[in-house]
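1. need a 3D model of the sequence below.
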Amino acid sequence: MESKNDKDPLLSNETPPKAIRGGIPIFFPQFGDLGPLEQHGFARNRLWSVDSDPPPFQTQTHSKAFVDLIMKPSEEDMKIWPHSYEFRLRVALEPSRDLMLTSRIRNTNTDGKPFTFTFTFAYHTTFLFQISVRVEGLETLDYLDNLKNRERCTQHGDALTFESEEDKIYLSTLTKIAILHHEKKRTFAIRKDGLPDAGFGIPFNFSLFYYSNTIELFMNFEWQSSLLVVINLLC
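-> Below you'll find the model as predicted:
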C-alpha cells in the first residue's frame with residue numbers, strides 16, 4: 001500500500017484559480033518568465049468546457065475513453081493578452097492504459113493578425129527519494145542551466161541522476177524520455193510530438209517540462225502537439 005505522502009503522479013488536489021502543483025498542467029501562452037505575462041501564462045489557472053462537437057483530429061487514436069475540452073479567452077484574458085483563439089484538448093486513456101493528451105490551438109483573430117506563443121506540457125510528480133531517480137534519453141544533449149543564468153552546457157554520462165537542486169532546459173530532445181524510479185519500482189516513458197525541448201525542475205517536486213519554441217500562428221491556422229505517458233512496473 002502506498003503511504004499518504006506517496007501521491008499518484010497524475011493527480012493534483014489543487015483547483016483553479018490556484019496554480020496546480022501536480023498532475024500535468026498546461027502552460028500557455030507563455031513558458032516560465034520568457035515573456036511579459038505572469039509566470040507560465042494563464043491557461044493553467046483557467047476552467048475548461050466540454051467540447052461536444054470538436055472538429056476531426058489529425059492524430060488517430062484507438063481509444064474509446066476520452067474527453068474533448070475547449071478553452072477560449074475571457075474578457076480578463078483579452079486585457080492582458082489581446083488575441084482570440086480556440087484551445088482544444090483531448091485527454092484519452094488508451095487500451096494499454098497509457099494517457100494521451102493532444103492539444104490544438106487555432107488563431108481566431110478577426111483582424112488578420114498572427115500571434116506568437118510558447119506552450120508546455122508540465123509533468124509533475126512527487127518523488128520522495130530523488131537519488132533513486134534515473135532519466136534516460138538526454139545523454140550528450142546541450143542544455144541551459146537556469147541556476148547559472150542559463151549558461152549553455154553539455155550533458156555527460158550515461159544517464160541523468162539527481163542529488164541536489166536542478167533546473168535545466170535540454171535542447172532538441174528525442175521523441176522519448178524514460179524516467180526510472182527504483183524506490184517505487186516504476187518506469188515512466190514520456191513520448192512527445194511538436195515539442196522540441198525539455199526541462200527538469202528539482203527539488204520542490206519532480207517536474208518534467210516539454211515545451212515549444214516560440215510559435216507564430218497566422219489567422220485560421222492551427223498548431224498541434226501531443227504527449228503520451230506510459231507507466232510500467234520495473235522488473
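
2. give me the phi and psi for residue 76.
-> Main-chain torsions, residue 76, degrees, to the nearest 10: phi -70, psi -40.

3. scratch that, residue 75
-> The phi and psi values for residue 75, taken as degrees, to the nearest 10, are phi -60, psi -40.

4. what's the pLDDT at it?
-> The per-residue pLDDT reported for residue 75 equals 92.

5. next: the one 4 residues further on.
-> The pLDDT attached to residue 79 in the predicted structure is 93.

6. what's around it, how many residues?
-> By other CB atoms under 10 Å, the residues close to residue 79 number 9. Every C-beta, even on glycine, is put in place using the N, C-alpha and C of the backbone.

7. please, which helix or strand holds it?
-> For residue 79, the element it lies in under DSSP states H and E is helix 75-80.

8. low-confidence ranges in the protein?
-> The model of the chain has pLDDT under 70 over residues 1-22, 58-62, 125-131, 202-206, 231-235.

9. quick check: longest strand of it.
-> In the chain, ranked by residue count with DSSP state E as the criterion, the top strand is strand 222-233.

10. how far out from the middle of the chain is that one?
-> 9 Å (CA atoms, centre = their mean, to the nearest Å).

11. right, and residue 144 touches residue 169 too?
-> Yes: contact status for residue 144 versus residue 169: in contact at 4.5 Å, counting by CB atoms under 8 Å.

12. chain neighbours aside, what residue packs nearest to residue 182?
-> residue 132 (4.6 Å; CB to CB, 6 or more residues apart in numbering).

13. list the contacts of that neighbour.
-> Contact analysis of residue 132 by CB atoms under 8 Å, 6 or more residues apart in numbering lists 181-184.

14. ok, it to residue 159 distance?
-> Distance, residue 132 to residue 159, by CB to CB, to the nearest Å: 13 Å.

15. with residue 35 instead?
-> In this structure, residue 35 and residue 159 are 33 Å apart, going by CB to CB.

16. these two: which is more packed in?
-> Applying other CB under 10 Å to residue 35 and residue 159 shows that residue 35 carries more neighbours, namely 17 against 14.

17. got a list of what that one touches?
-> By CB under 8 Å, 6+ apart, residue 35 lies in contact with 29, 41, 118.

18. what's the closest of those to residue 208?
-> Nearest to residue 208 among the contacts of residue 35: residue 118, at 16.3 Å, using CB to CB.

19. isn't that closest one right up against residue 214?
-> Yes: assessed by CB under 8 Å, residue 118 is found in contact with residue 214 at 5.7 Å.

20. what is in contact with those two at once?
-> Contacts common to residue 118 and residue 214, judged by CB under 8 Å, 6+ apart, are absent.

21. name the SS class of the residue lying farthest from the centre of the chain, please.
-> Most distant from the centre of the chain: residue 111, at 30.2 Å, with distances by CA atoms, centre = their mean. What DSSP: H, G, I helix; E, B strand; the rest coil gives for residue 111 is coil.

22. distance of it from residue 82?
-> Distance of residue 111 to residue 82, given as CB to CB: 10 Å.

23. returning to that earlier point: in strands only, show me the contacts of residue 35.
-> Using DSSP E, no member of the contacts of residue 35 falls in strands.

24. mind listing what's buried in stretch 165-179?
-> Under the neighbour-count criterion of 16 or more other CB atoms under 10 Å, stretch 165-179 has 166-170, 173, 177-179 buried.

25. quick one: residues contacting the residue nearest the centre of the chain.
-> Geometric centre of the chain, nearest residue: residue 121, 1.0 Å, by CA atoms, centre = their mean. With contacts defined as CB under 8 Å, 6+ apart, residue 121 is in contact with 24, 26, 101, 103, 192, 195, 209-211, 225, 227.
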